[in-house]
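Novice: Show me how the following folds:
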Amino acid sequence: MQTEEKQIKEIIYGIFDSFENHDPDGIESYMHPDSTVWDVFTPQLIRGAEEREKFHTDDQTQMQSRGKLSMTIKEPVINVWSDMAIARYYLNYSYEPPNPASGDVRITDVFRKIKNKWLIVHHHEGAVPEGVPPITE
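Specialist: The predicted model follows:
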């Protein structure tokens, strides 16, 4: 039998495999219907399935306007408490031309186990800071 941590790690990799394969339904299979998302490219909180559907459409459009995508996920740090879990990890992404872009993102996923299935209830992405901004005064 899989450990809880292994199941959660497989979900994390499954989400990004689905993204790379232009499969929003694959991503959604891991999300609770009411889950929320803070996306690294989107300023507002994305709430619930309807807002996520629009987000996926926009996200796939931006992805497909760029060149080949490469992503690397660093080993997640996962804690499980009964029917709740949290995973923290880094992701490095790089799009080739046209419209190249690259960066490092830190991600936190909050999971809840419902009917023996782990679902993400909140996904939070943020750009990795590059240090303390200079103090000029």
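Novice: and the most centrally placed residue in the chain, what are its phi and psi?
Specialist: Averaging the C-alpha coordinates of the chain gives a centre point, and the residue nearest to it by Cα atoms, centre = their mean is H123 (5.8 Å). For H123, the backbone dihedrals are phi -120, psi 120 (criterion: degrees, to the nearest 10).
Novice: just how off-centre is stretch 83-100 within its chain?
Specialist: 6 Å (Cα atoms, centre = their mean, to the nearest Å).
Novice: cool, stretch 107-124 as well?
Specialist: For stretch 107-124, the separation from the chain centroid amounts to 11 Å (computed by Cα atoms, centre = their mean).
Novice: Other residues contacting it?
Specialist: Taking contacts as Cβ atoms under 8 Å, 6 or more residues apart in numbering, the residues outside stretch 107-124 that touch it are 4, 7-8, 11-12, 15, 30-32, 34-38, 82-91, 125-126. C-beta here means a position set from N, CA and C on the backbone, and glycine is covered the same way.
Novice: Buried residues in it, which are they?
Specialist: By neighbour count on 16 or more other Cβ atoms under 10 Å, the buried set for stretch 107-124 is 107-113, 118-124.
Novice: Quick one: the residues you listed as CSV, columns for distance to D25, pLDDT and secondary structure too.
Specialist: Compiled in CSV, the buried residues of stretch 107-124 are given as follows (distance: Cβ to Cβ, whole Å; pLDDT from 0 to 100; DSSP: H, G, I helix; E, B strand; the rest coil):
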residue, distance to D25, pLDDT, secondary structure
I107, 21, 98, strand
T108, 24, 98, strand
D109, 19, 98, strand
V110, 22, 98, strand
F111, 19, 98, strand
R112, 20, 98, strand
K113, 22, 98, strand
W118, 18, 98, strand
L119, 15, 98, strand
I120, 15, 98, strand
V121, 19, 98, strand
H122, 20, 98, strand
H123, 16, 98, strand
H124, 22, 98, strand
